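Chemist: next input, structure requested:
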Amino acid sequence: SGMGGRHTEKEYPESNISMQETMFVPLSWENYEENQRMTVELQNRLKEIIESADGARVMGIGTEGGLAAYIEKEPGDLLPEERLWRMAKQTIEECGYVPGRDVALALDPALSELTHAYREKFEQPDAIGMYLTWRDKEQVVMTREEVFELYRKTIEEENIPIVSIEDGFAEDDYAGWQLLMREMGDEILIIGDDLVTTKDSTIERAADEKWTNAILIKANQI
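Modeler: I've put the predicted structure just below:
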């Protein structure tokens, strides 16, 4: 995976990736060993692609095993994450796999951190639905609608094979979760992790109010 956000901030402050994780999802494996082989192959190739690209470099490994990178944006990009996602698709193809059939992508943007960054920078502790890419030198501000449009464009227009988005909006941006569910809930996994923290009453509310169609269960949170 490619990693950013808080999971690389301390060790690699020069990284400009604000969204937390971009992950490979092997699909065509026949056994556990093949799954692991594909995963290692993909991450190694992604490292090579980043390091050979203009304006990009890998600095090390983040706290959950992903590549901590600096990636300059290309013309038309709002965020450096967009180029990272294209590089991940390129990785799948260069490893001889079909994107979306053999290997897909999953995101864990951990958007609560981008809301926290917005609140701190602009001294608006009650702001909801506003996001700041604090790791990027341009520090782009996005509304929830702009965040959703970024996801939609990436999947529908750029054909990046994203099948899962975990914590795609902040924990308290319920309108953002409902927007993502309404527009993409029949097509991809919309996973609550920070949103629900394995609390049964919150999981029930997330289902009733259509915030998510999947959750991450962590036994150590219960």
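
Chemist: how far is the helix or strand that contains Ser201 from where the chain is centred?
Modeler: Here Ser201, judged by DSSP states H and E, is contained in helix 200-208. Centre-to-centre, helix 200-208 and its host chain are 23 Å apart (CA atoms, centre = their mean, to the nearest Å).

Chemist: list the buried residues in that helix.
Modeler: By neighbour count with 16 or more other CB atoms under 10 Å, helix 200-208 contains the buried residues Thr202, Ile203, Ala206. Bear in mind the C-beta positions are built from the backbone N, C-alpha and C, glycine included.

Chemist: surely the last one meets Thr212?
Modeler: Right, Ala206. Yes - assessed by CB atoms under 8 Å, Ala206 is found in contact with Thr212 at 4.9 Å.

Chemist: list the residues that contact both of the two?
Modeler: Common contacts of Ala206 and Thr212, defined by CB atoms under 8 Å, 6 or more residues apart in numbering, comprise Trp177, Gly192, Leu195, Val196.

Chemist: among those, who's most crowded?
Modeler: Compared across the shared contacts of Ala206 and Thr212, Leu195 has the highest neighbour count, 28 neighbours, by other CB atoms under 10 Å.

Chemist: please settle this for me: is it part of a strand?
Modeler: No - Leu195 is assigned coil when assessed by DSSP: H, G, I helix; E, B strand; the rest coil, not a strand.

Chemist: pull up the gap between Pro26 and Pro161, please.
Modeler: From Pro26 over to Pro161 the distance is 12 Å, taken as CB to CB, to the nearest Å.

Chemist: overlap in contacts of those two?
Modeler: Residues touching both Pro26 and Pro161 by CB under 8 Å, 6+ apart: Val103.

Chemist: show me which positions of the helix or strand where Leu42 lies end up buried.
Modeler: Here Leu42, judged by DSSP H and E, is contained in helix 32-52. Residues Met38, Thr39, Glu41, Leu42, Gln43, Arg45, Leu46, Lys47, Ile49, Ile50 are the ones in helix 32-52 that count as buried (16+ other CB under 10 Å).

Chemist: about what we covered before: what would the shared contacts of Ala206 and Thr212 look like in TSV with distance to Arg86?
Modeler: TSV is the format used below for the shared contacts of Ala206 and Thr212 (distance: CB to CB, whole Å):
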residue	distance to Arg86
Trp177	26
Gly192	27
Leu195	28
Val196	31
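
Chemist: closest to Thr8 out of these?
Modeler: Leu195 (22.3 Å; CB to CB).

Chemist: ok, now which ones touch the closest one?
Modeler: Contacts of Leu195 (CB under 8 Å, 6+ apart): Asp167, Glu171, Trp177, Thr202, Ala206, Trp211, Thr212.

Chemist: quick one: which two of those are the most distant?
Modeler: Greatest spacing in the contacts of Leu195, by CB to CB: Asp167 and Thr202 (13.4 Å).
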